[in-house]
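Participant: sequence-free structure coming up:
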């Protein structure tokens, strides 16, 4: 069975600092992995996804994530935080091999705060 | 173009009542998903439609929950005999096919009092 664990329910960084949001997964099959962002009172927006191509995935808004099979990790990073990055971030894994990109198991989320 | 639309945006109902939540997917999207997001949690999968049929309803918590998509477009999530524990944001998503990106609506916040 698939699952994801996001380490840290809250992360606070200063504007311009590195953003690192951690996600570890468990999957019995090669996983498809996703990062979504949720701004207050808005729907989930896809940041990036890993679907077994390049292990370093670049997404929108300057975010990227690296798939590390040996560590079962898919951490999200951004070199320099902006105030507009403040939001909640969710890591997710698809159900089943080559599974639906909409049938996902989500982590509990990490709320990112950015200090001026 | 228009995104996934969910109505109502907010619904307050009394315990024991019946509610319907509506999802209008992006035009042409054949796959449709329902999720439930409780406070402080990530979204939890409920049901997935491919066309008119439910391809996977393994996430529906019990038989009080039911969803339909009779014409392969609009979907309705129906909850009977609501309980306070049903209070959550119900999210709908759609995708062109099951192997393409899913787009989420803004959700319906259901409060059972």
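Facilitator: Happy to help now that I have it. What you see is a predicted model; the values in this text were computed from it and never measured. Numbering: from 1, shown residues only, chains lettered A, B, ... in the order given.
Participant: can we go C-alpha only for contacts and neighbour counts from here?
Facilitator: OK.
Participant: OK, contacts around the closest residue in space to residue B:14 that isn't next to it in sequence?
Facilitator: Residue nearest to residue B:14 in three dimensions, not counting chain neighbours: residue B:113, with 4.9 Å by Cα to Cα, 6 or more residues apart in numbering or on different chains. Residue B:113 is in contact with B:12, B:13, B:14, B:15, B:84, counting by Cα atoms under 8 Å, 6 or more residues apart in numbering or on different chains.
Participant: tell me which of those is nearest to chain A?
Facilitator: Proximity to chain A was ranked across the contacts of residue B:113 by Cα to the nearest Cα; first place goes to residue B:12, at 17.2 Å.
Participant: quick one: residue A:67 from chain B, how far?
Facilitator: 19 Å (Cα to the nearest Cα, to the nearest Å).
Participant: just to revisit the earlier point, report pLDDT for the residue nearest to residue B:14.
Facilitator: Listed pLDDT for residue B:113 reads 97.
Participant: in CSV: the contacts of residue B:113, plus neighbour count.
Facilitator: What follows is the contacts of residue B:113, written out as CSV (neighbours: other Cα atoms under 10 Å in any protein chain shown):
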residue, neighbour count
B:12, 12
B:13, 16
B:14, 14
B:15, 16
B:84, 14
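Participant: would you mind measuring from the residue most central in space within chain B to residue B:66?
Facilitator: Taking Cα atoms, centre = their mean, the centroid of chain B lies closest to residue B:34, which sits 3.5 Å from it. Distance from residue B:34 to residue B:66, counting by Cα to Cα, to the nearest Å: 11 Å.
Participant: show me where chain B has strands.
Facilitator: B:5-7, B:10-13, B:19-24, B:31-37, B:44-50, B:53-56, B:65-68, B:75-79, B:88-95, B:103-104, B:108-112 (DSSP state E).
Participant: closest to chain A out of the ones you listed?
Facilitator: strand B:103-104 (5.7 Å).
Participant: what about residue 87, how many residues close to it?
Facilitator: Let's take chain A. 16 (other Cα atoms under 10 Å in any protein chain shown).
Participant: sorry, should have said chain B
Facilitator: Neighbour count of residue B:87, defined by other Cα under 10 Å: 20.
Participant: same deal with residue B:26?
Facilitator: Neighbour count for residue B:26, taken as other Cα under 10 Å: 23.
Participant: now the one 4 residues further on
Facilitator: The local packing count at residue B:30 equals 18, with neighbours defined by other Cα under 10 Å.
Participant: thank you kindly, that will do.
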